[in-house]
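# I'll drop the sequence and a predicted model, then ask my questions.
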Amino acid sequence: MRVLVTGASGFAGSLLVPRLHSEGHEVRAFGRNPVRVEEALARQHTDPQADNVLVLRGDALTGAGLRRALDGVEVAYYLIHSMENAPAQRTPFTERERIAAERFADAAARAGVRRIVYLGGLVPHWPAQTRRSRHLASREAVERILLDAVEDSVALRASIVIGTHSRSFRLLVHLVERLPVLTLPAWERYLTQPIDARDITAMLAASATAPLGGRSLEVGGPDVLSYGEMMTRIAELMLVNRPALKLGVNLTGVTARVAAAIAGEDPGLVVPLMQGLQGDLLPADDHAAELLNVRLHSFDSAVENALREWEELETLAAR
């Protein structure tokens, strides 16, 4: 099967390309910067040329390269996300996401693509008066655009993914590394179901052929944890002693910027992430793992695997 993976230089895309290739698919990797795509695949021990993966330059926002990339493609993965407004960008990221999704959806429909597979975020089941964050609302809007364009499409909705190159996971690890005391705002009590990067990759790969067209699946790992519990478990698995101090208030704008500074991350990424922490973020009981025939790893197993891969690339200061 000929498959296109957009966002191939990103965390999810760079894991998915070698997985699809190993399953016998003809894979095209699509990105704005082919060099970055090749570097990302090299981190996964994949040589695009040796593995006959065609790397294509293009941009969903402008539509450049989409027609060529989608020619003859049966399944197209849409793994393009934007979290922040870059200083040079005058258009809000929500508008950029909408335009890119519409251009991709139109190009895919015109090319006769049979299925689009999209990885988005969990849809919060909060009280109506609770305002959801812009990035979660944008993910849902992109999902609707893609599923409306190609009727046999599939969307996976996930919370935090535990993997070496997951920005959310790296943020948590850096905070554990650099905070002698884990200072936890009120959102630390909210629950979610983190999922192993290996499992979300397997689910995405299975979504290419699974008889699930025209629907969304909310996915999560087997463990329900609060954000505070996640940080405590990460500290324990890193073999470092980190007492916790609960603040009892959120102060999202302030704590997000402080966390970004401590972790050495871009506030434009961290602030939208923390704006989404307004309540429990748990998947519906969609039986996604059973439907996609994926055996889930525990949270501890996911963290241990991610840390082991991390240390193969760089030193963890806390260890």
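Done, it's in. Residues are numbered from 1 along each chain as shown.
# For the residue nearest to residue 206 when sequence neighbours are not counted, give me its contacts.
Sequence neighbours aside, residue 292 is the residue nearest to residue 206 in space, at 4.1 Å (criterion: C-beta to C-beta, 6 or more residues apart in numbering). Just so you know, the C-beta spots here come from the backbone N, C-alpha and C atoms, and that holds for glycine as well. Residue 292 is in contact with 202-203, 206-207, 210, 212, 217, counting by C-beta atoms under 8 Å, 6 or more residues apart in numbering.
# which one among the residues you listed gets closest to residue 80?
Distance to residue 80 across those (C-beta to C-beta) is lowest for residue 207, with 16.4 Å.
# right, and that closest one touches residue 156 too?
Yes: the pair residue 207 / residue 156 is scored as a contact, 6.6 Å apart, by C-beta atoms under 8 Å.
# What ranges does the protein have for its helices?
Applying DSSP state H to the chain gives helices spanning 11-22, 34-43, 66-70, 93-111, 134-149, 167-178, 197-206, 227-237, 252-263, 267-275, 288-291, 299-313.
# closest one to residue 161 among those?
helix 197-206 (5.4 Å).
# what does the model give residue 223 for pLDDT?
With respect to pLDDT, residue 223 scores 96.
# Same question for residue 131.
Listed pLDDT for residue 131 reads 58.
# out of the helices of the chain, which comes closest to residue 54?
helix 66-70 (8.9 Å).
# what packs against that closest one?
In terms of contacts (3 or more C-beta pairs under 8 Å, 6 or more residues apart in numbering; DSSP states H and E), helix 66-70 is packed against strand 2-6, helix 93-111.
# which residues are in contact with it?
4, 6, 28, 30, 56, 58, 60, 76, 103-104, 107-108, 111, 113.
# Repeat the analysis, applying 6 Å as the threshold.
4, 30, 56, 58, 107-108, 111 (C-beta atoms under 6 Å, 6 or more residues apart in numbering).
# Reformat those residues as TSV; add neighbour count, pLDDT and distance to residue 280.
Formatted as TSV, the contacts of helix 66-70 follow (neighbours: other C-beta atoms under 10 Å; pLDDT from 0 to 100; distance: C-beta to C-beta, whole Å):
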residue	neighbour count	pLDDT	distance to residue 280
4	29	98	35
30	32	97	35
56	18	96	40
58	22	96	38
107	20	98	37
108	25	98	34
111	19	97	40
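# of the residues you listed, closest to residue 136?
For the contacts of helix 66-70, the nearest to residue 136 is residue 108 (23.8 Å; C-beta to C-beta).
# Hmm, the closest one is touching residue 77, no?
No: using C-beta atoms under 6 Å, residue 108 makes no contact with residue 77, being 10.7 Å away.
# nearest residue to residue 242 other than its sequence neighbours?
Closest to residue 242 by C-beta to C-beta, 6+ apart is residue 235, at 4.2 Å.
# where does the stretch 201-319 of the chain have low pLDDT?
243-278, 317-319 (pLDDT under 70).
# distance of the residue nearest to residue 295 when sequence neighbours are not counted from residue 218?
Distance criterion C-beta to C-beta, 6+ apart; nearest residue to residue 295, sequence neighbours excluded, is residue 289 at 7.3 Å. Separation of residue 289 from residue 218 (C-beta to C-beta, to the nearest Å): 11 Å.
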